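*Asks:* predicted model and sequence follow; I will ask about them next.
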Amino acid sequence: MALTDDGAASVAAPLANAGPAVEARGLRMRYGDDDVLKGVDLTAAPGEVIVLLGPNGAGKTTTIEILEGFRMRSAGEVAVLGTDPAVGGEAWRARLGIVLQSWRDHGNWRVREMLAHFAAHYTPYATAERPRPRDVDALLEAVGLADRARAKVSSLSGGQRRRLDVAVGIVGRPELLFLDEPTAGFDPLARRDFHDLVHRLADEEGTTVLLTTHDLDEAEKLADRILILADGRIVAEGSADELARRVGTGSEVRWTRDGQRFVHAAPDGTAFVRELLEQHGDAVTGLEVRRASLEDAYMEMVARHESGRTAEAAAALEGIGR
Ligand SMILES: Nc1ncnc2c1ncn2[C@@H]1O[C@H](COP(=O)(O)OP(=O)(O)OP(=O)(O)O)[C@@H](O)[C@H]1O
């Protein structure tokens, strides 16, 4: 997916020597009596792609909306591009790109017209390092909507509308991009193009990206760092590999011998395979070794916290019964 247009290829990471793009300490959010965020700490370095994972209702959207300045936190320290989002003005907001989970309805507008409208908003905020806005036609091409430029927004398919959301999110060449479940409804090709786009934004323009998804394969492909949010806190963070290694479920080895298929869970896959081949040599075919995946790690970490919560609730109930 081509992203660059006039002069954009030379856009360097403008924040390379600056502090973190996002920093939150002890972030709390309470809705009524419900403590949704109970002390979230997170940092995103300039140019880093962070993926926030967590079960439904964990507080991912809440976290992102606080960082975007759309929601007021109950407590905690937050700095986004060096500014507290609770007091961020228009010039600060123009440095952010935002793709919300739910669509803002502009059904009667035409695709190009709508993108051009948002683009114009960014003109006063152009800098030498970050020409703003992006060229609208190049961007429509980049997100695969060039042939729908004159279509009404209401006539787009779900996936096409989502592509338009992404285009609106990046038309101002943001330094920091928030994407809340951006690929919901994307077909496999659109998804791959989108992944390519995110890599380019980070690598070529130094854009920091904070993204939520329920697609673990997507998290693995995109993230420099994954944060898992459960029970109001970040319960684990690291690269997909680091998280997978941490659950330590070893490897699953599969092979065929004498026409029969075997599966074995081995703490040390390499040692097991060595022994298997020593014993049965050429008789072993179709050998596959699968180590713990991000999915295994995610399931285990979330389950651990869910069971902790269940135990806590049971203890509380016992206390009430006394
Ligand atoms: N405005 C609100 N008022 C009261 N409760 C809210 C409000 N917004 C969110 N919540 C609650 O806060 C919790 C976290 O919601 P949030 O949308 O942040 O979760 P999420 O991790 O983004 O979930 P999902 O994966 O389903 O999108 C949920 O229990 C939700 O019902």
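*Replies:* Okay, I see it.
*Asks:* give the helix, strand or coil label for G76.
*Replies:* strand (DSSP: H, G, I helix; E, B strand; the rest coil).
*Asks:* for it, grab the count of nearby residues.
*Replies:* Neighbourhood size, G76 [other Cβ atoms under 10 Å]: 16. Every C-beta, even on glycine, is put in place using the N, C-alpha and C of the backbone.
*Asks:* not counting sequence-adjacent ones, nearest residue to it?
*Replies:* Once flanking residues are discounted, G76 sits nearest to L27: 3.7 Å by Cβ to Cβ, 6 or more residues apart in numbering.
*Asks:* hmm, I50 and T207 touching each other?
*Replies:* No - in this structure T207 lies outside contact range of I50 using Cβ atoms under 8 Å: 11.8 Å.
*Asks:* and those two? which has more neighbours close in?
*Replies:* T207 (27 against 22).
*Asks:* who are the contact partners of the more buried one?
*Replies:* Each residue near T207 by Cβ atoms under 8 Å, 6 or more residues apart in numbering is listed here: G47, G97, P174, E175, L176, L177, L201.
*Asks:* among those, who's most crowded?
*Replies:* L177 leads the contacts of T207 on contacts (other Cβ under 10 Å) with 26 neighbours.
*Asks:* what sits against that residue?
*Replies:* Taking Cβ under 8 Å, 6+ apart, one finds L96, G97, I98, V99, G169, I170, L201, T207, T208, V209, L210 in contact with L177.
*Asks:* thought the first one was touching P174?
*Replies:* Yes - shown here, L96 and P174 form a contact pair, counting by Cβ under 8 Å, at 5.4 Å.
*Asks:* how is the protein partitioned into domains?
*Replies:* Using automatic domain parsing, the domain ranges for the chain come out as 8-239, 242-321.
*Asks:* the longest one near the ligand anywhere?
*Replies:* Yes - using Cβ under 6 Å from any ligand atom, a contact is recorded between domain 8-239 and the ligand, made by Y31, V36, G54, N56, G57, A58, G59, K60, T61, T62.
*Asks:* phi and psi next, for P85.
*Replies:* phi -60, psi -20 (degrees, to the nearest 10).
*Asks:* any idea how far L115 lies from L145?
*Replies:* Taking Cβ to Cβ, to the nearest Å as the measure, L115 falls 8 Å from L145.
*Asks:* and for those two, which residues touch both?
*Replies:* L164, A167.
*Asks:* ok, those two, which is more surrounded?
*Replies:* Just comparing L115 and L145: by other Cβ under 10 Å the higher neighbour count belongs to L115, 24 against 21.
*Asks:* residues in contact with the more buried one?
*Replies:* By Cβ under 8 Å, 6+ apart, the neighbours of L115 are V136, L139, L140, L164, A167, V168, V171.
*Asks:* tell me, how many residues neighbour the fourth one?
*Replies:* In terms of burial, L164 registers 23 neighbours under the definition other Cβ under 10 Å.
*Asks:* does it lie in a helix or a strand, and which?
*Replies:* If you go by DSSP states H and E, L164 is part of helix 158-170.
*Asks:* any idea which element the residue nearest to A230 when sequence neighbours are not counted lies in?
*Replies:* Closest residue to A230 apart from its sequence neighbours, by Cβ to Cβ, 6+ apart: H305 at 4.2 Å. Here H305, judged by DSSP H and E, is contained in helix 294-321.
*Asks:* count of neighbours near the nearest residue to G107 once chain neighbours are set aside?
*Replies:* Leaving out its chain neighbours, the residue that sits closest to G107 by Cβ to Cβ, 6+ apart is S154, at 3.4 Å. Neighbour count for S154, taken as other Cβ under 10 Å: 11.
*Asks:* how close does the nearest residue to F186 once chain neighbours are set aside sit to G185?
*Replies:* Spatial nearest neighbour of F186, chain neighbours left out: G159 (5.1 Å); criterion: Cβ to Cβ, 6+ apart. In this view, G159 and G185 are 4 Å apart by Cβ to Cβ.
*Asks:* give the contact list for A303.
*Replies:* Applying Cβ under 8 Å, 6+ apart, no residues contact A303.
*Asks:* against E220, how distant is it?
*Replies:* 19 Å.
*Asks:* and what of L156?
*Replies:* 29 Å.
*Asks:* quick one on the thing from earlier: buried ones among the residues of domain 8-239 next to the ligand?
*Replies:* V36, G54, A58, G59, K60, T61, T62 (16 or more other Cβ atoms under 10 Å).
*Asks:* pLDDT at the residue nearest to G107, what is it?
*Replies:* Residue-level confidence at S154 comes out at 91, pLDDT.
*Asks:* my guess is it contacts R110, does it?
*Replies:* No - in this structure S154 lies outside contact range of R110 using Cβ under 8 Å: 10.1 Å.
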